[in-house]
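[1] fold the stuff below for me.
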Amino acid sequence: MAADTPPETAPRTATATAPVPAPARSAAPATAAPAGELTPDAIGFLGALAIGLNATSPAYSLAAVIGPLVALAGVHAPGVMLISFVPMLLIASAFHFLNRSDPDCGTTFSWAARALGPTTGWLGGWAIAMTGVLVVGSLADVAVNFGLLAVGADGLAANTLVREALTVLLILLMSWLCVRGTEVSARFQNALILLQVVCLIVFAAVAVYRVYAGTGSLDAVRPAAGWLDPFGAGGPALTAGLLLGVFAYWGWESAVNLTEETKDSANAPGRAGIWSTVVLLVTYLAVAFAVVAYAGTAYLSGRADTEEEVFAALAHEVLGGWDWILLLAVSTSALASTQTTIIPASRTALSMARRRALPARFAHIDPRRGTPGTSTWWVAGTATVWYVVIHRISENALADSLTALSLLIAFYYALTGIACAVWYRHELLRGPRPFLLLGAGPLTGAALLIWLLVESVIDMADPRNSAAATAWFGLGAPLVIALFLAGAGVLLMLLRRAAAPEFWRERPGTHREP
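    Below is the predicted model of the structure:
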């Protein structure tokens, strides 16, 4: 790679500031972006909140984790979902305060590079980009599968070639919407989150009603407050359940990746991220209580290996001929997340290119639409190739690539928590509030995620814990995939550093002024 010139100048040098609100941007309607910049004020708080929620894909996440979670924790599955919320809230708080000081669409990349050093920041940015590559194809595949089931096209859903072709088309369509403009994306996401939540509420309400009316078709059990005890199933079950919980909550930070395109960029994106986790908590607890109460633990545990397919079975059990409601919720959820998961990866690549950490072409912004077209299509293209290759290997390989995702998520979330404490290190002893919010809280969240990261590595090293229970190079397939991506990232970083070393000459502490 040849050295290239970034489209913007290096950031100004300043010291970290206390977490006080920065001046809000104008509330005027979004206007065309200046040349080389993202569209300012394209969306507001509610648009950012919708994108944060949809990036998490609530219905799909619930469908994917509820069976394995009940197999681990039994009726205490809602309690595990509750305690999984704690590290997410702490890290969301770190995102909020870091964004106040440095509203950069690269989020973890920018903050870790300035607080902990360029190499650490680069690896954090690479992890964010690779999460998009790993999951976009799987999300699109689920959207296609459940969409076909919802309209009664079961035969097409079972046809691998048809699903694969429709999945690729869907990825391209969602990428095109991202490039069309952030306002267009936000309007689309508002409609999808509303439809998804309505479908989930209908499903949960009918399930709970049938439990109390005694008309359920499975081994129903009435909900109890004790289900919220996360320790009821024992320590090992809690550890494994937390890993699933982290995956279920992941994605809310997409709201913060849009900081440069959001009104009141210093405050609204961070608040949207925090509120996303709160809304997710309420949604997850409500649906988890309804599912466990209606189906019972034996039914769900027996279908733990089918992951999201458990919702396809439950839809018919609970809603009968109206099962398309829940199928549509999962399809809508995965469809929305297919688009919103592209956002963090593309904005991170853009931010990295602006700092010379990636070639300048990744920082190209469409002068008419104010969106990062090059980085968006790069994410879409790489994710499509990954999906097709892995899908051709086997369905199990695709599931294993999703399992590897938890390692990348835990890594860059933990990195953000540490970066927050280091960034505001001079403010921590100025009172209990900054000590707790800027130091102890983010570090506690980071410590929990590092612990989960270590536990994940130990678990994934055993081939019996992979989807196909087969060994790749003597290790579980998810760990091999994660190590491959990490190795590829280190190699690309070294090549980039040799070709254009300017970014690596920065030193920790070069914070951007708020």
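
[2] contacts for the lowest-mean-pLDDT helix or strand in the chain next, please.
    Lowest on mean pLDDT, DSSP states H and E among the helices and strands of the chain sits strand 471-472, with a mean of 75. By CB atoms under 8 Å, 6 or more residues apart in numbering, the residues outside strand 471-472 that reach it are 463, 477, 480. From N, CA and C alone the C-beta is placed, and that goes for glycine too.

[3] does residue 252 count as helix, strand or coil?
    coil (DSSP: H, G, I helix; E, B strand; the rest coil).

[4] before we move on, the earlier item: most neighbours out of the contacts of strand 471-472, which is it?
    The most crowded member of those, judged by other CB atoms under 10 Å, is residue 477 (27 neighbours).

[5] got a markdown table for the contacts of strand 471-472, with pLDDT, secondary structure and distance to residue 275 too?
    Converted to a markdown table, the contacts of strand 471-472 look like this (pLDDT from 0 to 100; DSSP: H, G, I helix; E, B strand; the rest coil; distance: CB to CB, whole Å):
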| residue | pLDDT | secondary structure | distance to residue 275 |
| --- | --- | --- | --- |
| 463 | 78 | helix | 41 |
| 477 | 82 | helix | 36 |
| 480 | 88 | helix | 37 |
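
[6] and of the residues you listed, the nearest to residue 359?
    For these, the residue nearest residue 359 by CB to CB is residue 480; the value is 28.5 Å.

[7] right, and the closest one touches residue 461 too?
    No: counting by CB atoms under 8 Å, residue 480 does not reach residue 461; the two are 9.7 Å apart.

[8] what helices and strands are in contact with the next helix or strand after the least confident helix or strand of the chain?
    Toward the C-terminus, strand 471-472 is succeeded by strand 475-476 as the next helix or strand (DSSP states H and E). Contact analysis of strand 475-476 by 3 or more CB pairs under 8 Å, 6 or more residues apart in numbering; DSSP states H and E lists helix 441-460 as its packing neighbours.

[9] other SSEs contacting the helix it packs on?
    For helix 441-460, the elements it packs on are helix 77-101, helix 235-249, helix 395-423, strand 475-476, helix 477-499, judged by 3+ CB pairs under 8 Å, 6+ apart.

[10] ranking these by mean pLDDT, which is last?
    With a mean of 79, helix 235-249 has the lowest mean pLDDT of the helices and strands packed on helix 441-460.

[11] buried sites along the helix or strand just after that helix?
    Counting by DSSP H and E, the element after helix 235-249 in chain order, helix or strand, is helix 254-257. For helix 254-257, burial by neighbour count (16 or more other CB atoms under 10 Å) applies to 254-257.

[12] pLDDT (mean, whole number) over helix 254-257?
    Helix 254-257 comes out at a mean pLDDT of 90.

[13] how far off centre is it?
    10 Å (CA atoms, centre = their mean, to the nearest Å).

[14] same check, this time on stretch 194-207
    22 Å.

[15] got phi/psi on the most centrally placed residue in the chain?
    Nearest residue to the geometric centre of the chain (CA atoms, centre = their mean): residue 251, 2.1 Å. Here is the backbone geometry of residue 251 (degrees, to the nearest 10): phi 120, psi -20.

[16] quick check: it vs residue 148, distance?
    24 Å (CB to CB, to the nearest Å).

[17] strands paired with the least confident helix or strand of the chain, and their directions?
    strand 475-476 (antiparallel) (DSSP bridges).
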